[in-house]
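Visitor: Structure for the following, please:
(chains A and B)
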Number of protein chains: 2
Amino acid sequence: MTEPSSVAKTGSAPDPTDFANYFCTYGFLYHQKDMLEDHKRTGAYYQAVMSNKRQFAGKVVLDVGTGSGILAIFAAKAGARKVYAVEATGIAASARKLIEHNKLSYVIEVIQGTIESIDIPEKVDIIISEWMGYFLLRESMLDSVLVARDKFLKPGGALYPSHASMYLAPIQSPNSQQRMSEFHGSMEGWADFLQDMKNFYQVDLDVLSDSYRQEQREYYLSTSQWTDTHPQQLLGPASCFKRYDLHTLTLEELKEPMKEDFIMHVTDGGPVDAFCGFFDVEFKGSSENPADVEVKLTTAPDPTGATHWGQQTFYISPPIDCAPSDHLKCAIGVSRRQDNHRLLRVKVAAKVEGNSMFAAQSQSPRMLEYNID
Amino acid sequence: MTEPSSVAKTGSAPDPTDFANYFCTYGFLYHQKDMLEDHKRTGAYYQAVMSNKRQFAGKVVLDVGTGSGILAIFAAKAGARKVYAVEATGIAASARKLIEHNKLSYVIEVIQGTIESIDIPEKVDIIISEWMGYFLLRESMLDSVLVARDKFLKPGGALYPSHASMYLAPIQSPNSQQRMSEFHGSMEGWADFLQDMKNFYQVDLDVLSDSYRQEQREYYLSTSQWTDTHPQQLLGPASCFKRYDLHTLTLEELKEPMKEDFIMHVTDGGPVDAFCGFFDVEFKGSSENPADVEVKLTTAPDPTGATHWGQQTFYISPPIDCAPSDHLKCAIGVSRRQDNHRLLRVKVAAKVEGNSMFAAQSQSPRMLEYNID
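Guide: Model prediction:
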């Protein structure tokens, strides 16, 4: 089957550094399978499209980062007149094959290139994309969706999903002590290593101990971890500290470091071993073209198991003590890392407030910092 | 302590793509520790320097990729008059600290930059470097040592190490069947996945099955693995198929795809489950300035455990059958990968020769291909 005779241009590949840092993993079917068989994810998109066929019928749709092509296929099956499926990596070839095999090439056009570099010959009614990374913002792929919106979405057009929210919850976690033990174990290993280096080669490496401790501390204690958190671990309700309306959010706002104040209720009391971070997205359509059926995809702790995003757990050592009546007055900062704009730095300040002795002793907030790698 | 007042220039950092692909890991002390505490490695360099103090005394030395600075320190302790220690990554700061703390700043100058971009104010008598990657050539760091040699080594000067050799040996390995089982398990998982995708979303992904099988075959069966091979697994002696004299090897020769013919003796007979690849390097000095004591660092299978390089195991499924009297007529090709010049593609052709029925049945050579990732 030949390519449809559209005037759409093929765009350029990601720059090689960004490819090495980021895009490379998306070129493998193995990784596509991992995402596709996350049925909470794929099922939510399927529902969002198939329950809103009236919105898709006869419309022009753009899929940003189509990967295997699955969302483009959903849109086509829902009756879209035309779907532009944009993919930066070589997996675009698999998307083309899949679309041809499913006899949808007359609707879907796969364009290999970055959204920033490609062009399409018309404006679109709907942009669909699965752009979410760990803790929502890792990967910074939402940037490309906003670029696509500004370049290609008709006035009144809809984004699927349309809204995104970020949450932090207090949890108890045996892993917190475990990580601390591993950190101490690592430092004991360093001490043995110093001794060996002195004995074998008469070189004293002790001057590097502070740097090593700092490096290991970052790794074991200040790097968030993927976890499948059980709801029973929650010590209180999750606080929504940020909500994005993707129709109005600007690229500039998104790129700025985020800083939000919020209250975290620790209903069950402490000690709080960790904060559990997660997100949800909602498919509500635009105000001009609202969805007939609103769908929500959440990555909250779930007794039936996590999505492939899991939750991001930020360990707190030593834990924060507080009583059931207390709450935490929090401030969170989320910014992109200078060494790699697709990774994140998270800072949390937390102060116990309430009537307990813990609150009375909490003079200044605990300052916690993490990398999301 | 201030920097020595040399006119040496600080060079530029590696290009960002090469940094993301390669240099990044070397910026961590954790990784430096892994290499330093490989005492077969560090001990061999220590011996090569300390047993040849007469060669180092009063000399100017260049350490290419100094990392923590350890080889520069050995050279200084052996009496070098001046050591230039070049390091591309941020670990250069740790090398400086270590050198200052060991009161060797008056001898050793740390220069941060790539060897290709830096300059030093004089020619050197000795270049020392630990540049070896898996299967010797992975990482392609020998390139930089040859560049350093051509830019900075005095005529008659010596390289430490001076020679490198590559080996392949026939082995028996339970992992070979294990990998094949994992491959089959992965394809069974794919079949279940196809069924789910059809049931849940009415999308048939079977057209991608061949690509997935190819991808998984590459991963499970055509990617070499790090192993700590026990000498008891050897079915015959290792064949040296390549030997480099680093004083005469040109950068052009090194970059060209290697192609070598050799005979592999399978003393114990087959089945041969895998080839075990490893290397050694020798510290012999130059012909004008030969080492007083020659030292060899080998990564051959060792009952006391592997170096941090281990061995690279190339699985053969199904195994090659042969009798104790047979040998394998082999051709090996080793080339740099197009997607990343620091990674390797290895091709082996092997034909059973001898008087057995296996040899009689072996009409054409087995063609095997592998990635070293």
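
Visitor: quick one: is stretch A:177-191 near chain B?
Guide: Yes. Using C-beta under 8 Å from any C-beta of the partner chain, stretch A:177-191 comes into contact with chain B via residue A:190. C-beta coordinates here come from the backbone N, C-alpha and C atoms, glycine included.

Visitor: For that stretch, what is the distance to the chain centroid?
Guide: Relative to its chain's centre, stretch A:177-191 lies at 29 Å (C-alpha atoms, centre = their mean, to the nearest Å).

Visitor: and it, which residues are buried?
Guide: A:179, A:183, A:186, A:190 (16 or more other C-beta atoms under 10 Å in any protein chain shown).

Visitor: same deal with stretch A:223-242?
Guide: Buried-residue list, stretch A:223-242, by 16+ other C-beta under 10 Å: A:223-225, A:227, A:229, A:233-236, A:238-239, A:241-242.

Visitor: what do you get for stretch A:141-153?
Guide: A:141-146, A:148-149, A:152-153.

Visitor: What lies in contact with that stretch?
Guide: Stretch A:141-153 is contacted by residues A:62, A:64-65, A:86, A:114-116, A:120, A:123-124, A:127, A:129, A:131-133, A:159, A:164, A:246-247, A:249-251, A:254-255 when judged by C-beta atoms under 8 Å, 6 or more residues apart in numbering or on different chains.

Visitor: sorry, back to before: now, among the buried residues of stretch A:177-191, which is nearest to residue B:74?
Guide: Distance to residue B:74 across the buried residues of stretch A:177-191 (C-beta to C-beta) is lowest for residue A:190, with 21.1 Å.

Visitor: A strand includes the closest one, no?
Guide: No. Applying DSSP: H, G, I helix; E, B strand; the rest coil, one finds residue A:190 to be helix, outside a strand.

Visitor: Now do the same contact list for it.
Guide: A:209, A:212-213, A:216, B:33.

Visitor: Out of the buried residues of stretch A:223-242, flag the one nearest to residue A:82.
Guide: residue A:242 (34.3 Å).

Visitor: Name whatever forms a beta bridge with the closest one.
Guide: Per DSSP bridges, the residues bridged to residue A:242 are residue A:166.

Visitor: shouldn't it be in contact with residue A:166?
Guide: Yes. The pair residue A:242 and residue A:166 passes the contact test of C-beta atoms under 8 Å, sitting 4.3 Å apart.

Visitor: Show only the entries of the buried residues of stretch A:177-191 found in strands.
Guide: Per DSSP state E, strands hold no members of the buried residues of stretch A:177-191.

Visitor: Narrow those residues to those in helices?
Guide: A:179, A:183, A:186, A:190 (DSSP state H).

Visitor: Now distance to residue B:277 and pLDDT too, for those, in CSV please.
Guide: Formatted as CSV, these follow (distance: C-beta to C-beta, whole Å; pLDDT from 0 to 100):
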residue, distance to residue B:277, pLDDT
A:179, 37, 94
A:183, 36, 96
A:186, 32, 97
A:190, 32, 97
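
Visitor: for chain B, what are the nearby residues on the stretch 151-300 of chain A?
Guide: Checking the stretch 151-300 of chain A against chain B by C-beta under 8 Å from any C-beta, the hits are A:190, A:193, A:196-197, A:200-208, A:211-212, A:215-216, A:219.

Visitor: Just the buried residues of the residues you listed.
Guide: A:190, A:193, A:197, A:201, A:203, A:205, A:208, A:212, A:215-216, A:219.

Visitor: In CSV: those residues, plus secondary structure and distance to residue A:311.
Guide: Formatted as CSV, these follow (DSSP: H, G, I helix; E, B strand; the rest coil; distance: C-beta to C-beta, whole Å):
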residue, secondary structure, distance to residue A:311
A:190, helix, 31
A:193, helix, 35
A:197, helix, 40
A:201, helix, 45
A:203, coil, 44
A:205, coil, 38
A:208, helix, 35
A:212, helix, 30
A:215, helix, 25
A:216, helix, 24
A:219, helix, 19
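
Visitor: May I ask which two of the residues you listed are separated the most?
Guide: So for these, where distance means C-beta to C-beta, the most widely separated pair is A:201 and A:219, at 26.0 Å.

Visitor: shaky segments in chain A?
Guide: Applying pLDDT under 70 to chain A flags the ranges A:1-10.

Visitor: go again using 80 as the cut-off
Guide: A:1-10, A:19-22 (pLDDT under 80).

Visitor: For residue A:362, which non-adjacent residue is closest in space?
Guide: residue A:352 (3.9 Å; C-beta to C-beta, 6 or more residues apart in numbering or on different chains).

Visitor: swap in residue A:201?
Guide: residue B:46 (5.4 Å).

Visitor: The one helix or strand that neighbour maps to: what's the following helix or strand?
Guide: For residue B:46, the enclosing helix or strand under DSSP states H and E is helix B:39-50. Downstream of helix B:39-50, the next assigned helix or strand under DSSP H and E is helix B:53-56.

Visitor: For the residue nearest the centre of chain A, give the beta-bridge partners.
Guide: Nearest to the mean C-alpha position of chain A, counting by C-alpha atoms, centre = their mean, stands residue A:133 at 2.3 Å. Under DSSP bridges, the beta-bridge partners of residue A:133 are residue A:136.

Visitor: That one contacts residue A:139, correct?
Guide: Yes. With contact defined as C-beta under 8 Å, residue A:133 reaches residue A:139; the gap is 3.4 Å.

Visitor: so where do the strands sit in the stretch 51-200 of chain A?
Guide: Along the stretch 51-200 of chain A, counting by DSSP state E, counting those that start in this stretch, strands occupy A:60-64, A:82-87, A:108-112, A:124-129, A:153-160, A:163-171.

Visitor: List the strands paired with the fourth one, with their directions.
Guide: Sheet pairing here is set by DSSP bridges, and for strand A:124-129 it gives strand A:60-64 (parallel), strand A:153-160 (parallel).

Visitor: Domain-wise, how is chain A divided?
Guide: A:16-130, A:165-172+A:225-372 (automatic domain parsing).

Visitor: from the strands paired with strand A:124-129, which stretch is densest packed?
Guide: Of the strands paired with strand A:124-129, the one with the most neighbours on average (mean count of other C-beta atoms under 10 Å in any protein chain shown) is strand A:60-64, at a mean of 28.

Visitor: For that strand, output the C-alpha coordinates as PDB.
Guide: Taking C-alpha atoms only, strand A:60-64 is exported to PDB below (Å, rounded to 0.1, in the frame of the first residue of the first chain):
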ATOM      1  CA  VAL A  60      -9.300  15.700  11.900                       C
ATOM      2  CA  VAL A  61      -7.100  14.300  14.700                       C
ATOM      3  CA  LEU A  62      -3.400  14.700  15.600                       C
ATOM      4  CA  ASP A  63      -1.700  12.000  17.700                       C
ATOM      5  CA  VAL A  64       1.500  13.400  19.200                       C
END
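
Visitor: Kind regards, and thank you for your time.
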